[in-house]
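# Below are the sequence and a predicted model for it; my questions follow.
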Amino acid sequence: MKTLLFNGSPKGETSDTLKLGKAFLEGNFEPYELIDLIRMNVPPCRGCFACWNQTPGQCAQAGDVNMLLSKISAADLIVWSMPLYCYGMPSHVKALVDHLVSFNTQTQVVDNEGHTHHGVRGNQQAKHVLVSGCGFPDYEDNFDALSMQFQRLFGKESPMVLCAEAPMFSASQADIVTKPYLSLVQKAGAEFAQIGKISEETQLLLSKPMIDPELYRSICNGHSA
């Protein structure tokens, strides 16, 4: 199985969210290729649609876009690991996502739920997993936009690990709560490998904050607990 781990954090290997992405794939027991998107040369999509007409499936711009599109097209599993930025994707991740239009055709089709999509070019076989962390202690109302966009892109059944209080992964004092959470993420990866999804029980546990939200806010605001 060809597996990609896209690190969407500008912090590279020190990313809190990347710890989650790696834990998921450790539970999944699959070797993977790690790609730091912040290091890639991915210019914004110009909406020229050359990838539909002049160079089908290929971006007309220079840079790393076509190399990344080739890796995506050949992958079986892609884990998109990214911090939550203003309730959505970091801009350098969104730049690559915009180029996924290269996998589409101009033809419009309607799915079983009555939604209009563009036709798909070739055999896009990869399963996609979203891993995201945010700096707030609240799970609800923070990940809504990102999760909806990911589901529209890759399907409603796409697994997601959405973690509140993610900055605690950089604090060794928080190991008592972060290590059990990472073990839970590994379990989610193992479940996905075995049954193709994350169980409802594990999903519920993943959505809970690691410490009391009031305590977390107090620490973030520089107050003594």
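Arrived safely, thanks for sending.
# Tell me the buried residues in stretch 119-130?
Buried residues in stretch 119-130, counted by 16 or more other CB atoms under 10 Å: 121, 126-130. No exception for glycine: its C-beta is placed from N, CA and C like everyone else's.
# again, but for stretch 40-58
So, applying 16+ other CB under 10 Å, buried residues of stretch 40-58: 40, 42, 45, 51-52, 57.
# So which residues of this protein form strands?
Taking DSSP state E to define them, one finds strands in the chain at 3-7, 33-36, 77-83, 104-110, 116-120, 127-133, 160-163.
# Can you say which of those strands is nearest to Lys71?
strand 3-7 (6.1 Å; CB to CB).
# Packing partners of the closest one?
Counting contacts by 3 or more CB pairs under 8 Å, 6 or more residues apart in numbering; DSSP states H and E, strand 3-7 packs against helix 16-28, strand 33-36, strand 77-83.
# Please pull out the lowest mean pLDDT helix or strand from this protein.
Each helix and strand of the chain was given a mean pLDDT (mean pLDDT, DSSP states H and E); the minimum falls on strand 116-120 at a mean of 86.
# Neighbouring strands - and their directions - for that strand?
The pairing partners recorded for strand 116-120 under DSSP bridges are strand 104-110 (antiparallel).
# Just the residues contacting the partner strand, thanks.
By CB atoms under 8 Å, 6 or more residues apart in numbering, the residues outside strand 104-110 that reach it are 49, 52-53, 116-121.
# and the two most separated of those residues?
Within the contacts of strand 104-110, two members stand farthest from each other by CB to CB: Asn53 and Thr116, at 20.2 Å.
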